[in-house]
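**Student:** Based on what follows, work out the 3D shape:
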Amino acid sequence: MAKKLALPIVLHLAAALPAVVLGVVQLARKKGTFSHRFLGWAWVAVMAVLAVSSFWILGLAKGGGFSWIHLLSAWTLLSLAAAIWFIRRGNVRAHQGFMIGTFAGLAAAGLGALAPGRLLTQLLF
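**Tutor:** Residues are numbered from 1 along each chain as shown. Prediction:
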């Protein structure tokens, strides 16, 4: 593919891999430790970059504007904020639910990005 990738796409792809790796590590590690909190903040940061960068990736919808996928990005930002809000108030169960749900959304979006004809599939294969 000789087409030049736009900066938002590069940022989006660059944040995706660490988001997946950190998410898997976080799910596997012991909770409540210093490293869990540190890696958790790193995961929130790359997820925020991932979600925000998507708002500059247009063209999936007819006419080149926003699509339903952008609603998922907005939900991701809200979900991350809710997870932080809940853990700061000591509600571990709600925090865990939002974090696992956000990771599940990341996994689903990643699988969707590998669908035939999508940019990621073209780049990888």
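**Student:** distance of L39 from A45?
**Tutor:** 10 Å (Cβ to Cβ, to the nearest Å). Heads up, the C-betas are built off the backbone N, CA and C, glycines and all.
**Student:** Please read the previous query as pertaining to A94.
**Tutor:** In terms of Cβ to Cβ, A94 sits 21 Å off from A45.
**Student:** Helix, strand, or coil at the closest residue to A19 other than its chain neighbours?
**Tutor:** Of all residues not flanking A19 in the chain, V46 sits nearest, at 4.6 Å (Cβ to Cβ, 6 or more residues apart in numbering). Taking DSSP: H, G, I helix; E, B strand; the rest coil as the rule, one finds V46 in the helix state.
**Student:** What's the local residue count around V46?
**Tutor:** Using other Cβ atoms under 10 Å, V46 is surrounded by 20 other residues.
**Student:** pLDDT value on A115, please?
**Tutor:** According to the prediction, A115 has pLDDT 73.
**Student:** when you give positions from now on, start the count at 503
**Tutor:** With the count now opening at 503, the last piece we talked about shows up as A617.
**Student:** Which of the three states applies to it?
**Tutor:** Per three-state DSSP, A617 ends up coil.
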